[in-house]
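Novice: For reference, the sequence and a predicted model appear below.
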There are 2 protein chains.
Amino acid sequence: MPQFGTTARQIRERLRESDRRFSLRQVARRVGVEPAYLSKIERGVVAPPSEATTVRLARELGQDPDVFLAMAGKVSSDLQEIIRKRPKLFADLIRQLREAPDEAIFRVVRVVRDGDW
Amino acid sequence: MPQFGTTARQIRERLRESDRRFSLRQVARRVGVEPAYLSKIERGVVAPPSEATTVRLARELGQDPDVFLAMAGKVSSDLQEIIRKRPKLFADLIRQLREAPDEAIFRVVRVVRDGDW
DNA sequence: AGTAGTGTGTCATACATAGTACACGCTCAT
DNA sequence: ATGAGCGTGTACTATGTATGACACACTACT
């Protein structure tokens, strides 16, 4: 489980090498938070930000929001809503897949997506 | 989406008809909260309680914890942890199943459980 | 030399969460 | 009639969450 702040900083600094618009201050402005706050987030001085802020930061850095949320210790609220609508079904499904290999889960996704079964 | 407090009260009062140990006070004591607090929860005066308290209450009332958590607007933290370990895979899967009929999801659960595919 | 931009330290704050503690008035069996 | 048990109103609190505001020191051009 990688550190949220450290990872965000690494990604931002890599982007910055080829684009100076990825300074902490400019990213903070585009994400809509104070530079001091983003600084603290990246160094782990404070807990990862709210879901909304985490998603905006992920987008800004070209990352997958769900992955960033996971690093922040959260699960997207839209996923939670899907689960809450049919809690028994989804709880069983997810617990069933806890130990399943990635490939098995991906196969399920494909099968459901293509609907050919 | 039923009301958490109202539902809890209905279930408790039904249980109480045949067992006077299901008074608000006694349930509160067994669940480990103040009677005044449970009273407010059941009437919706306060928000649903924490995950731990919600689960204890569900168990006390013979209900499915995941269903009670769902009514409380939450998703069990153990499910969240499973998702967070492989966020891309599970996010895709769950969104894929958002509109799927119950039967289709149940079929997936069965197939994964029985492993014969 | 001055200005613009950079990252960070300190302080403060607004709101939410998750309850406890106590007192009151009612009912019902003894 | 009284004490046990009942549900509820009011008041309070502790902790966590999610930031904002401002000032500072450093660097890098112009």
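Specialist: Looks like it arrived, so ask away.
Novice: Show me how chain A divides into domains.
Specialist: Chain A resolves into domains spanning A:4-75, A:86-114 when parsed by automatic domain parsing.
Novice: DNA strand C versus the residue nearest to residue A:71 when sequence neighbours are not counted, what's the distance?
Specialist: In this structure, residue A:71 finds its nearest non-sequential neighbour in residue A:4, 4.3 Å apart by Cβ to Cβ, 6 or more residues apart in numbering or on different chains. Yep, even glycine has a C-beta here, placed from its N, CA and C like the rest. Distance check for residue A:4 against DNA strand C: by Cβ to the nearest atom of the strand, to the nearest Å, it reads 15 Å.
Novice: which parts of chain A sit against DNA strand C?
Specialist: A:16, A:20, A:23-26, A:35-36, A:39-40, A:42-43, A:45 (Cβ under 7 Å from any atom of the strand).
Novice: What count of nearby residues applies to residue A:114?
Specialist: 8 (other Cβ atoms under 10 Å in any protein chain shown).
Novice: cool, residue A:56 as well?
Specialist: 18.
Novice: Find the residue at the geometric middle of chain A.
Specialist: Taking Cα atoms, centre = their mean, the centroid of chain A lies closest to residue A:68, which sits 2.1 Å from it.
Novice: ok, that one touching residue A:58?
Specialist: Yes: using Cβ atoms under 8 Å, residue A:68 is in contact with residue A:58, at 3.7 Å.
Novice: re the thing from before, for the residue nearest to the centre of chain A, what are its contacts?
Specialist: A:4, A:8, A:54-55, A:57-58 (Cβ atoms under 8 Å, 6 or more residues apart in numbering or on different chains).
Novice: what does chain A put close to chain B?
Specialist: A:64, A:66-67, A:69-70, A:73-76, A:78-80, A:82-98, A:100, A:102, A:104-106, A:108-109, A:112-113 (Cβ under 8 Å from any Cβ of the partner chain).
Novice: can you count the residues close to residue A:49?
Specialist: The local packing of residue A:49 (other Cβ under 10 Å) involves 22 other residues.
Novice: brain fart, residue A:40
Specialist: Neighbourhood size, residue A:40 [other Cβ under 10 Å]: 16.
Novice: May I have the phi/psi pair for the spatially closest residue to it that is not a sequence neighbour?
Specialist: Distances taken as Cβ to Cβ, 6+ apart place residue A:46 nearest to residue A:40, at 4.5 Å, with adjacent residues excluded. Dihedral angles of residue A:46 (phi, psi; degrees, to the nearest 10) stand at phi -120, psi 160.
Novice: correct me, but residue A:46 touches residue A:36?
Specialist: No: the pair residue A:46 / residue A:36 is not scored as a contact, 10.1 Å apart, by Cβ under 8 Å.
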